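> When you get a sec, could you give me coordinates for this:
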Amino acid sequence: MSRIGKLPVAVPQGVTVTAAKGSVVVKGPKGELSQDIRSEVEVLVKDQTVLVNRKNDSKQARAYHGLYRKLIFNMVTGVSQGFTRVLLINGVGYRAEVKGNSLLLNLGYSNPIEYVISNGLTITCDGPSKIIVSGIDLQKVGQACAEIRSLRPPEPYKGKGIKYEYEKIRRKVGKAGAK
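Numbers count the residues shown, from 1 in each chain. Here you go, the predicted structure:
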């Protein structure tokens, strides 16, 4: 039995979970999310909990068991609390600002980079060197952060670039220098 899959998902007040054949819909105060479910697992909604059971013990069913339980848990958390990730920009002249529906980044290249904000995401700048990405879908939030970070990943010598708030950059020493 999957250690993650067998745990029930607690549904907080104000959130409704509907499990139809082949899909799960979660509605809450922040929005609505849906997920298609494979036929190897079934989702049961009882009172204020959601249970994910597998139909057989095949390798695929065991893999999907834990996966869909965690996806449903993330959906319930997203529509009730939301997800937030923070990116920090380090470097002389590196800065970010939100203009309309896009994030404008000056990252040391000859031209500024314009990152278009997708639907369901909110990107704000807390100063010129702090980007806050938030939304109800954990996958979209994580993907947007990864795309923004990939525009100028942090380098190991001076630490310049875009990094996650919790990320530690392993620094290297430079050249020893001349006498």
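> Could you pull out the strands in this structure for me?
Assigned strands in the chain, in chain order: 9-10, 16-20, 23-28, 31-36, 41-46, 49-54, 83-90, 95-99, 102-106, 113-116, 121-125, 130-135, 161-164 (criterion: DSSP state E).
> so what secondary structure elements neighbour the longest one?
Pointing back at strand 83-90 there. Applying 3 or more CB pairs under 8 Å, 6 or more residues apart in numbering; DSSP states H and E, we find strand 83-90 packed against strand 130-135, helix 138-150, strand 161-164. No exception for glycine: its C-beta is placed from N, CA and C like everyone else's.
> between these, which one is nearest to Val52?
Relative to Val52, the nearest member of the helices and strands packed on strand 83-90 by CB to CB is helix 138-150, separated by 17.3 Å.
> Run through who's touching that closest one.
Outside helix 138-150, the residues that touch it by CB atoms under 8 Å, 6 or more residues apart in numbering are 74, 77-78, 83-85, 87, 103, 105, 115, 117-118, 120-121, 123, 131, 133-135, 162-164.
> top helix in this structure by residue count?
Determined from DSSP state H, the single longest helix within the chain is helix 59-80.
> Can you show me the CA trace of it as CSV?
Output in CSV follows, covering the C-alpha atoms of helix 59-80 (Å, rounded to 0.1, in the frame of the first residue of the first chain):
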residue,chain,number,x,y,z
LYS,A,59,2.8,-1.3,-11.1
GLN,A,60,0.9,1.5,-12.9
ALA,A,61,-2.0,1.4,-10.4
ARG,A,62,0.5,1.7,-7.5
ALA,A,63,2.2,4.6,-9.1
TYR,A,64,-1.0,6.5,-9.8
HIS,A,65,-2.3,5.8,-6.3
GLY,A,66,0.1,8.2,-4.6
LEU,A,67,0.2,10.6,-7.6
TYR,A,68,-3.5,11.3,-7.7
ARG,A,69,-3.8,11.6,-3.9
LYS,A,70,-1.0,14.3,-3.9
LEU,A,71,-2.6,16.1,-6.9
ILE,A,72,-6.0,16.2,-5.1
PHE,A,73,-4.3,17.4,-1.9
ASN,A,74,-2.5,20.2,-3.9
MET,A,75,-5.8,21.2,-5.6
VAL,A,76,-7.6,21.4,-2.2
THR,A,77,-4.7,23.5,-0.7
GLY,A,78,-4.7,25.7,-3.8
VAL,A,79,-8.3,26.7,-3.8
SER,A,80,-8.4,27.3,-0.1
